[in-house]
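Here is a sequence together with a model predicted from it:
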Amino acid sequence: MKLELSLHASKLKNVAGAFKGISDPFAVCTQIATTQGAKPHVLGKTEVFKNNLSPQWVKIFEIDYELGSPVKVAISIYDEVRKSENKLMGSAVFDIGELLGARGNTKAKKLKTGGTLFATVRKAKGAGLLRLNLKGTKLKNVEGWVGKSDPFYELYRKADTAGGLTWDNVFRSEVVKNNLNPTWKPATVELSKLCGGDLDAPIKVSVFDYESKGGHVSMGSFETTVNGLLAGAQSRQQFTLTQKGKNVGTVTAEQAMVSGVSTAGDVSDRMAKATISAPVAPIGDANFVDYVSGGCELNVMVGIDYTGSNGDPRMAGTLHYLHRGQPQVRNDYEKAIASIVSILSKYDSDQMYPVVGFGAKYDGVVRHCFQCGPDPEVKGVQGVLDAYSKTFSSGLIMSGPTVFKEVIAMAAKRAKDAGAKATAAGKQSYTLLLIITDGAVSDPPGTAETLAQVSDSPLSVVIVGVGNADFSAMHFLDGHAKPGERDIAQFVPFNKFSHSSSELTQQTLHEIPDQLVQHFQSRGIAPLPPVQTDDEEIVVEPEEEEIDLSLDFEDGDIKVAGGGAGFVDGFNASR
């Protein structure tokens, strides 16, 4: 999913120096390396705000994000100093997943040097494509008497910056040699870059004569909109190129069509009124980001396997062995809990989780759904880990068989109850059940039937298999749904991804966004409007994450000179 990151700051420290006025701040956004082998890279810089310690930067940074992927950005704020080295005014690190899960998709950091930095993420507007095929006719030759021009065209978007309105180049075509009636190859341009999703926003088409040494010569330009190009393709309209007020040829849109455009909001209204040369191919009314931005709560429930096949938890080397006195060392159950629940906690405002067990005897009776720990719900990831470990001192006897049905049924009931409560309050909620087990389920047909019965619940089920058992029988979960039923379950083998916590969480959670959207859309439930927040409502957190990052500003480009790594791509603790 594509996100847009925007920034603003408040009450930055003035570093201009005595008698030198007020700082001119700009921000540089760097995506930090969060996995082994990755390299940090600069996403770009904002415009400079002159004499302003509370800048509202216009620049938008586009970021690719998937649920479960560790994505962090370092924001470095500088005072622009002409003919000298820029002065650092402060820096902060933001986790994109945390931003997406925060109220209003916004978080704030108190800079150590003074001032506050705010970061906001939104769904990329108009995250679709324009497919365009342009043809020039009777272009004016600017090559001179010797030959003909070699035309290419560029597309520009109008940007409102602190320095005023400017035209930003977003696309360049190929060059057609020695031709004043060129037909350029079909082009595909991202709408988010060309017009920010506004099909009526002004754009400019400029044609140039290519010069191998640079200094390309203008052959004219015209202004229009994406809707103008769509309508022009339908009517075969010729757009007139002008140069210094004179007509210098025409350009025709042989084909123009848009695809992948969100139909949400006012963009859909303009799309409905536009005359276009080909049908719009919508990708759906909303995605995961829309629901989360509207405040949809992602509730989490954890189910843990206490069957005898896990081995005696008092013996080192067994799956449930707890390294007491060594909190930095975790078994596979603890690793799975810590990795997956920590990601999901970003989307759960109260971070209260029910933890249940299955497959153990109490008072001689095998129970397939019992409370872990003394409390019906526990706080945060550490609360889940504590509930898991305390269960071993509750008098249970590890037994069998491995049965998921009761845990799944309980989770479905909780999911429906939470959904009904949220609806009554004008909100939305969705539940994820995480089951961690050491073996294949004893009753695959019965489990599949239970999943079918609860497929109408606002629920997804993820089952993580730990240990070296043969889990081949568990793959019935993938694609178990019959026609008309929603597929709500998947199985992930822990050992396959035990080398990387990020790969484990990505694999475990990658189906959740689509499953959530399918649930709501199958019922005609649109996302709620994005939650709006004022700066005063946002809890300002101290900046505590230290990232060693140095930037090189030479030659007009900004590059990472050193540092920029902020990852632990294994697990926080190893076995």
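Yep, that arrived. Numbers count the residues shown, from 1 in each chain.

hey, let's count contacts and neighbours off CA atoms from now on
Noted.

what's the residue nearest to the spatial centre of the chain in contact with, if anything?
Residue closest to the mean C-alpha point of the chain, counted by C-alpha atoms, centre = their mean, is Tyr65 at 2.9 Å. Applying C-alpha atoms under 8 Å, 6 or more residues apart in numbering to Tyr65 gives the contacts Met1, Lys2, Leu3, Val71, Ile96.

separation between the second one and Lys158?
The reference is to Lys2. 21 Å (C-alpha to C-alpha, to the nearest Å).

Equivalent analysis for the fourth one, please.
Separation of Val71 from Lys158 (C-alpha to C-alpha) stands at 30 Å.

Which one's more surrounded, the two?
A direct count of neighbours by other C-alpha atoms under 10 Å for Val71 and Lys158 places Val71 higher, at 22 against 16.

thought the more buried one was touching Glu98?
No: here Val71 does not reach Glu98: they are 9.7 Å apart, not a contact under C-alpha atoms under 8 Å.

buried ones in stretch 40-55?
Of all the residues in stretch 40-55, those buried under the rule 16 or more other C-alpha atoms under 10 Å are 40-42, 44-50, 52-55.

got CSV for those residues, with pLDDT and secondary structure too?
Output for these, formatted as CSV (pLDDT from 0 to 100; DSSP: H, G, I helix; E, B strand; the rest coil):
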residue, pLDDT, secondary structure
Pro40, 88, coil
His41, 90, strand
Val42, 92, strand
Gly44, 93, strand
Lys45, 94, strand
Thr46, 94, coil
Glu47, 93, coil
Val48, 92, coil
Phe49, 91, coil
Lys50, 90, coil
Asn52, 94, coil
Leu53, 95, coil
Ser54, 95, coil
Pro55, 95, coil
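
Could you let me know which of these ends up closest to Ser149?
For these, the closest approach to Ser149 (C-alpha to C-alpha) belongs to Gly44, at 34.5 Å.

is the closest one in a bridge, and if so with what?
Cys29 (DSSP bridges).

Distance check, it against Asp95.
Gly44 is 17 Å from Asp95, by C-alpha to C-alpha.

same question, Asp350
19 Å.

Which one of the two is surrounded by more residues?
Asp95 (15 against 12).

Apart from its chain neighbours, what residue comes closest to Ser23?
Ala16 (4.9 Å; C-alpha to C-alpha, 6 or more residues apart in numbering).

From Ala27, how far out is the one you found?
Here Ala16 is placed at a distance of 16 Å from Ala27 (C-alpha to C-alpha).

quick one: which of those two has more around it?
Legend: neighbour count by other C-alpha under 10 Å for Ala16 and Ala27, higher for Ala27 (28 against 17).

did I read that right, that one in a strand?
Yes: the assignment for Ala27 (DSSP: H, G, I helix; E, B strand; the rest coil) places it in a strand.

correct me, but it touches Phe49?
No: in terms of C-alpha under 8 Å, Ala27 does not count as a neighbour of Phe49; the distance is 9.9 Å.

How many residues are close by Val258?
Residues near Val258, counting by other C-alpha under 10 Å, number 26.

quick one, phi psi at it?
phi -120, psi 150 (degrees, to the nearest 10).

Low-confidence regions, the stretch 301-450 of the chain specifically.
For the stretch 301-450 of the chain, no stretch has pLDDT under 70.

Can you show me the strands along it?
352-353, 355-358, 360-362, 365-367, 370-371, 378-379, 397-398, 429-437 (DSSP state E, counting those that start in this stretch).

returning to that earlier point: show me the contacts of Tyr65 that map onto helices.
Ile96 (DSSP state H).

Out of the contacts of Tyr65, grab the one that's most surrounded.
Busiest of the contacts of Tyr65 [other C-alpha under 10 Å] is Ile96, holding 28 neighbours.

what sits against it?
Counted by C-alpha under 8 Å, 6+ apart, Ile96 has contacts Tyr65, Pro70, Val71, Lys72, Val73, Val121.

And Val539, by the same measure?
Contacts of Val539 (C-alpha under 8 Å, 6+ apart): Lys107, Ala108.

thinking again about what came up before, which one among the contacts of Ile96 gets closest to Val540?
Val121 (16.6 Å).

and that closest one, what are its bridge partners?
Judged by DSSP bridges, the bridge partners of Val121 are Leu5.

do Tyr156 as well
Beta-bridge partners, per DSSP bridges, of Tyr156: Asn169, Lys204.

any idea how far Glu543 is from it?
38 Å.

Same check on Met315?
According to C-alpha to C-alpha, Met315 and Glu543 sit 42 Å apart.

Who has more neighbours out of the two?
In this view Met315 and Glu543 are compared by other C-alpha under 10 Å, and Glu543 has more residues nearby, 17 against 11.

wait, isn't the more buried one in contact with Ala92?
Yes: contact criterion C-alpha under 8 Å: Glu543 and Ala92 qualify, at 6.1 Å.

how long is stretch 206-217 end to end?
For stretch 206-217, the first-to-last residue distance is 11 Å (C-alpha to C-alpha).

Pull the residues that contact it.
Here stretch 206-217 has contacts from 142-143, 149-155, 175, 218-222, using C-alpha under 8 Å, 6+ apart.

Any of those buried? List them.
142, 149-155, 175, 218-222.

can you tell me which of these lies nearest to Gly228?
With C-alpha to C-alpha as the yardstick, the closest approach to Gly228 among the buried ones among the contacts of stretch 206-217 comes from Phe222, at 11.4 Å.

Give me the pLDDT value at that closest one.
With respect to pLDDT, Phe222 scores 98.

same question, the one 5 residues further on
Predicted confidence (pLDDT) for Asn227: 94.

what about it, helix or strand, and which?
Element membership of Asn227 [criterion: DSSP states H and E] is helix 226-235.

Was I right to think Thr224 contacts Leu199?
No: using C-alpha under 8 Å, Thr224 makes no contact with Leu199, being 10.2 Å away.

In the stretch 1-150 of the chain, where is pLDDT below threshold?
125-127.

Do I have it right that Asn495 meets Gly467?
Yes: with contacts counted by C-alpha under 8 Å, Asn495 reaches Gly467, the gap being 6.9 Å.

circling back: list the buried ones in the helix holding Asn227?
Here helix 226-235 shows Val226, Asn227, Gly228, Leu229, Leu230, Ala231, Gly232, Ala233, Gln234 as buried, counting by 16+ other C-alpha under 10 Å.
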